[in-house]
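Asker: only geometry, no sequence info:
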């Protein structure tokens, strides 16, 4: 199974999102020290929103019913899950979303757009 491997980083000092690795690119990428305290690293989920935008962990999405979700990694399930923005303890895997809720629309991410969660 081929899968695109991509990472991005949000620099908490400069408030800039950076693409730091893309396995589909011919460019050699520099993957910075993962313990860099000024950056938050996020992995590509392998999914796209209805406009073809890549979805990463920490992205804020809206389903077709109008509910807001945050994409997070679950160590327990060893997969990405969608946490309901109003109650982040309510989580479900992508497979549990029915066809009425999909496709999603990317609104932003929790680092650059925390106001979308209020």
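Answerer: Looks like it came in fine. What you see is a predicted model; the values in this text were computed from it and never measured.

Asker: just checking, what packs against the least confident helix or strand in the chain by mean pLDDT?
Answerer: Least confident element among the helices and strands of the chain, by mean pLDDT, DSSP states H and E: strand 16-22 (a mean of 78). Counting contacts by 3 or more Cβ pairs under 8 Å, 6 or more residues apart in numbering; DSSP states H and E, strand 16-22 packs against strand 6-11. C-beta: built from backbone N, CA, C; applies to glycine.

Asker: relative to strand 16-22, how tilted is the strand it packs on?
Answerer: Here strand 6-11 runs at an angle of 150 degrees relative to strand 16-22 (axes from the mean of the first three to the mean of the last three Cα atoms, to 10 degrees).

Asker: can you name every helix or strand that strand 6-11 contacts?
Answerer: Checking 3+ Cβ pairs under 8 Å, 6+ apart, strand 6-11 ends up next to strand 16-22, strand 39-48, strand 54-56.
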